[in-house]
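1. below is the sequence, then the predicted model.
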Amino acid sequence: MKIVLLSFFLVAISCQSDKNSTPFFDKFPGKWIRTNEEAGKSTYEHWEKAADQEFTGMAFTLEKNDTIFKEDLRIYKEENTWNLEVTAPKEQPAIFKVTEQNADGFTAESPQNKYPKKVEYSLKNGQLTAKISGGGPEIVFDFEKIKD
């Protein structure tokens with residue numbers, strides 16, 4: 001399954017602290033723009049808190065006002081495990097289990113996925129960074145929040 005973005009977000013985790021807390025995920029909601037995109041393209045991620053233990057999002061890339069890439073994203077907790085679900089058009093969802101989480105980020109993995117096998121998110125100094133790796137090239141996505 002070809003997943004180019006964040007993709008973001010692909011996860012399932014057993015929290016080692018309070019299993020009901022979402023310290024990092026609560027920082028996701030909002031609109032983000034990629035700051036290290038190729039010239040002529042613009043990549044965005046939009047996140048919303050859908051429920052107590054569910055966040056929904058969308059990632060897309062524009063080139064000359066045409067959408068050239070799109071993924072639906074979802075972070076949710078199921079049976080004490082956080083998951084990142086990434087769905088590209090005409091493909092089955094890729095589910096990543098969160099294997100590490102702290103107040104500054106998380107790591108989600110899906111060893112059976114062709115690419116990527118690992119997704120990492122971190123937030124430092126107002127900059128959201130997503131990194132995908134495993135089964136292909138490592139790609140880093142740097143985002144800043146768009147002020148409303």
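-> Looks like it came in fine.

2. could you pull up the mean pLDDT of the lengthiest strand in the chain?
-> Counting residues, the longest strand found in the chain (DSSP state E) is strand 66-78. pLDDT averaged over strand 66-78 equals 96, rounded to a whole number.

3. and it, what does it pack against?
-> With contacts defined as 3 or more CB pairs under 8 Å, 6 or more residues apart in numbering; DSSP states H and E, strand 66-78 has these neighbours: strand 41-51, strand 54-63, strand 81-87. To be clear about C-beta, it is placed using only N, CA and C from the backbone, and glycine gets the same treatment.

4. spatially, which residue comes closest to the residue in the chain sticking out farthest from the centre, not counting chain neighbours?
-> With distances taken as CA atoms, centre = their mean, the residue sitting farthest from the centre of the chain turns out to be Lys64, at 24.2 Å. Sequence neighbours aside, Gly40 is the residue nearest to Lys64 in space, at 7.1 Å (criterion: CB to CB, 6 or more residues apart in numbering).

5. report how many residues lie close to that neighbour.
-> When counting by other CB atoms under 10 Å, one arrives at 8 neighbours for Gly40.

6. Ile68 versus that one, what's the distance?
-> Between Gly40 and Ile68 the distance is 11 Å, computed by CB to CB, to the nearest Å.

7. direction included, what does the longest strand of the chain pair up with?
-> Taking DSSP bridges as the criterion, strand 66-78 sits next to strand 54-63 (antiparallel), strand 81-87 (antiparallel) in its sheet.

8. looking at those strands, which is closest to Asp142?
-> Ranking these by proximity to Asp142 (CB to CB) places strand 54-63 first, at 13.8 Å.

9. what pLDDT, on average, does the closest one get?
-> For strand 54-63, the per-residue pLDDT averages 97.
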